[in-house]
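>>> sequence and predicted structure are below.
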Amino acid sequence: ILLILLQTGCNSSKTTLQEIHEQTADVLLGNGTPVVGSLGGEWVVIGLSRSGKLTEDAAKGYLENAEAYVKDIGSERLHRVKSTDNSRMILGITAAGGDPTNIGGYDLTAGLSDMEYIKGQGNNGPIWALIALDSKQYEIPKAKNPKNQTTREKLVAYILSAQNSDGGWGLTDDRSDIDMT
């Protein structure tokens, strides 16, 4: 969006970063109520919240959409194999001022209590689980199988164990990339 604003209405040398910031927030808010998902959802809510531009109406609307989404799934795990769906929603709900431990009657942090489930996405799962759980120092609920209990120490150890020989991290192999690192 920033590139679009820079190329379209912001060509004037008098345009400040603050004006671009305001215009970006206006564009994001003009797209309607944030939904659940990577596009038009949690990342929009997080960005607007962190910039101080998330309106009460947008936050409330997103939380309503999140609750309906979780109720429709009917589980503390939002995806059969992708734990990052839980992590992304925990971050979005937190940014909107909601409580991910009780959204639609479900505790999304409980969806991250099983370390084996989290590791199913390679490095990505533990990285995002740690970010989500630490976003508000959420306690990790007890796993159904105590052997698989997630802890912050296990998440950090897993992430560190996946470091590549070049010092970075990759998604699945020994080739580091900027995004994962």
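Structure's in. What do you need?

>>> C-alpha only now, for contacts and for neighbours.
Will do.

>>> Three-state assignment for Lys71, please.
helix (DSSP: H, G, I helix; E, B strand; the rest coil).

>>> give the contact list for it.
Going by Cα atoms under 8 Å, 6 or more residues apart in numbering, Lys71 touches 104-106.

>>> return the members of the residues you listed classed as buried.
Among the contacts of Lys71, those scoring as buried are 104, 106 (criterion: 16 or more other Cα atoms under 10 Å).

>>> shaky segments in the chain?
Filtered on pLDDT under 70, the chain yields the residue ranges 1-14.

>>> reformat the contacts of Lys71 into JSON lines and put distance to Glu153 next to each item.
Formatted as JSON lines, the contacts of Lys71 follow (distance: Cα to Cα, whole Å):
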{"residue": "Gly104", "distance to Glu153": "29"}
{"residue": "Gly105", "distance to Glu153": "28"}
{"residue": "Tyr106", "distance to Glu153": "25"}
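
>>> can I get the contacts of Lys71 in a markdown table including distance to Ala157 and secondary structure?
Listed next are these as a markdown table, based on distance: Cα to Cα, whole Å; DSSP: H, G, I helix; E, B strand; the rest coil:
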| residue | distance to Ala157 | secondary structure |
| --- | --- | --- |
| Gly104 | 33 | coil |
| Gly105 | 32 | coil |
| Tyr106 | 28 | strand |
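
>>> and which of the contacts of Lys71 is nearest to Gln163?
Gln163 lies nearest to Tyr106 out of the contacts of Lys71, by Cα to Cα, at 33.9 Å.

>>> what ranges do the helices span in this protein?
Listed in chain order, the helices of the chain (DSSP state H) span 2-7, 17-30, 42-50, 56-73, 84-95, 115-119, 124-134, 152-161.

>>> out of those, nearest to Lys144?
helix 115-119 (11.0 Å).

>>> for the closest one, C-alpha coordinates in CSV please.
Only the C-alpha atoms of helix 115-119 are listed here, as CSV (Å, rounded to 0.1, in the frame of the first residue of the first chain):
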residue,chain,number,x,y,z
MET,A,115,4.8,-28.9,21.0
GLU,A,116,4.5,-31.7,18.4
TYR,A,117,1.6,-29.9,16.7
ILE,A,118,3.6,-26.6,16.6
LYS,A,119,6.7,-28.3,15.2
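
>>> can you tell me the closest non-neighbouring residue to the residue nearest to the spatial centre of the chain?
In the chain, the centroid-proximal residue (Cα atoms, centre = their mean) is Arg88; its distance is 2.5 Å. Leaving aside its sequence neighbours, Arg88 sits nearest to Glu42 (Cα to Cα, 6 or more residues apart in numbering; 6.6 Å).
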